[in-house]
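K.L.:
sharing a sequence plus its predicted fold:
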Amino acid sequence: MDSEATNSVRRVDRVQAWLTRRADTSLGRLSLQWFRCYFESSRNSGCALTVYSSLSVLPAALVAIAYFHPSQDNTNVFADRLVSHMKLTGTTASLVQGTFGTASANALAATLTVVVSFLLWGVGIGQIYQDVYVRAWRMERVVSVADQGLFAGFFFLLTAAIALLLVATSHLHRSGLLVVVPVWVIGSTGFWLLVPSLLLHRRIGWRALLPGALMASLVVGGTMAFSPLFLAAPLNANGKAFGSFGVVLTTVGYAFVLLTISLVCIVFSPVWARWRESESGRADLG
């Protein structure tokens with residue numbers, strides 16, 4: 001028993017030594033700073049963003065599609081895209097169609113619902129993102145009454161972006177990767193450059209924001225592209241087991257993953273800037 005305990009302790013010591021060596025590298029220091037910055041800046045904001053977005057942004061995007069879609073009919077774009085992208089069939093596909101049915105069938109009631117959800121939850125989304133950016137960049141929070149209008153504008157910008165994404169992907173997914181990838185990278189990078197620039201009152205330049213914007217575009221886009229590999233099975237299983245309730249919960253879980261990834265990526269820009277400065281100082285000392 002003593003020899004086994006001694007061997008276990010030695011294995012633990014070797015693992016700790018290996019981790020210490022890996023952490024004491026340029027890439028290791030970047031990873032640790034990134035990890036620490038995310039937890040210090042987000043403070044579990046992913047959960048709040050998921051709840052607020054599910055209750056306000058997604059319904060607003062569906063109403064916008066119902067009103068402004070060129071076909072002007074019962075365009076269940078979100079459900080159609082979800083079914084085709086996840087390759088859903090049978091009962092689960094029918095549940096998705098019924099759960100996320102378009103708002104055009106009852107536009108007045110859907111519009112009133114969106115107005116109420118915007119007032120209750122929509123405005124808070126911009127404030128959550130602003131708080132994360134301020135903490136990540138270690139800036140002093142500037143409280144302004146005009147920020148409420150800024151948060152409202154961010155809500156409509158995010159809603160329009162999601163609505164355009166749903167409509168565009170339903171038309172572009174047949175065009176191939178040569179069309180979809182450049183459109184996504186350009187549009188998504190532009191969005192993640194514009195958002196912090198507005199929420200931080202243009203106190204940070206676009207060049208400094210570019211690493212996080214590119215990271216968010218690539219990682220979020222990659223997660224969405226490969227989502228059928230990890231989402232289709234639980235979506236089908238939960239749809240069969242729990243009906244529309246299971247479909248909604250699985251979709252909300254998927255939204256939580258995407259929003260958390262977006263938070264992880266947007267804090268990368270200040271981490272990258274501080275890491276480059278610290279590594280330059282190390283080189284000068286060396």
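P.N.:
It's in. Numbers count the residues shown, from 1 in each chain.

K.L.:
can you pull out the helices in the stretch 151-286 of the chain?
P.N.:
177-199, 206-225, 227-242, 244-266, 268-285 (DSSP state H, counting those that start in this stretch).

K.L.:
got the ones you listed as a markdown table, with distance to Val96, mean pLDDT and mean neighbour count columns?
P.N.:
For the C-beta atoms, the positions are set from N, CA and C on the backbone; glycine is no exception. Shown next, in a markdown table, are the helices of the stretch 151-286 of the chain (distance: least, C-beta to C-beta, whole Å; pLDDT from 0 to 100; neighbours: other C-beta atoms under 10 Å):
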| stretch | distance to Val96 | mean pLDDT | mean neighbour count |
| --- | --- | --- | --- |
| helix 177-199 | 22 | 89 | 16 |
| helix 206-225 | 17 | 94 | 18 |
| helix 227-242 | 7 | 86 | 16 |
| helix 244-266 | 6 | 91 | 19 |
| helix 268-285 | 33 | 85 | 15 |
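
K.L.:
nearest to Ser94, out of these?
P.N.:
helix 227-242 (8.9 Å; C-beta to C-beta).

K.L.:
next, the angle from that closest one to helix 244-266.
P.N.:
Orientation of helix 227-242 against helix 244-266 (axes from the mean of the first three to the mean of the last three C-alpha atoms, to 10 degrees) gives an angle of 150 degrees.

K.L.:
what's next to helix 227-242, contact-wise?
P.N.:
Helix 227-242 has contacts (C-beta atoms under 8 Å, 6 or more residues apart in numbering) with 85-88, 91-92, 95-96, 246-247, 249-251, 254.

K.L.:
one more time with 10 Å
P.N.:
Defining contact as C-beta atoms under 10 Å, 6 or more residues apart in numbering, one finds that helix 227-242 is touched by 82-83, 85-96, 99, 223-224, 245-251, 253-254, 257-258.

K.L.:
assign Arg81 to helix, strand or coil.
P.N.:
Here Arg81 is helix, with the state taken from DSSP: H, G, I helix; E, B strand; the rest coil.

K.L.:
pretty sure it is touching Thr169, no?
P.N.:
Yes. Contact criterion C-beta atoms under 10 Å: Arg81 and Thr169 qualify, at 5.9 Å.

K.L.:
quick check: neighbours shared by these two?
P.N.:
Listed contacts common to Arg81 and Thr169 are nil; contacts here mean C-beta under 10 Å, 6+ apart.

K.L.:
what about Val132, neighbour count?
P.N.:
23 (other C-beta atoms under 10 Å).

K.L.:
for the closest residue to Val264 other than its chain neighbours, helix, strand, or coil?
P.N.:
Once flanking residues are discounted, Val264 sits nearest to Tyr38: 5.4 Å by C-beta to C-beta, 6 or more residues apart in numbering. Of the three states, Tyr38 takes helix under three-state DSSP.
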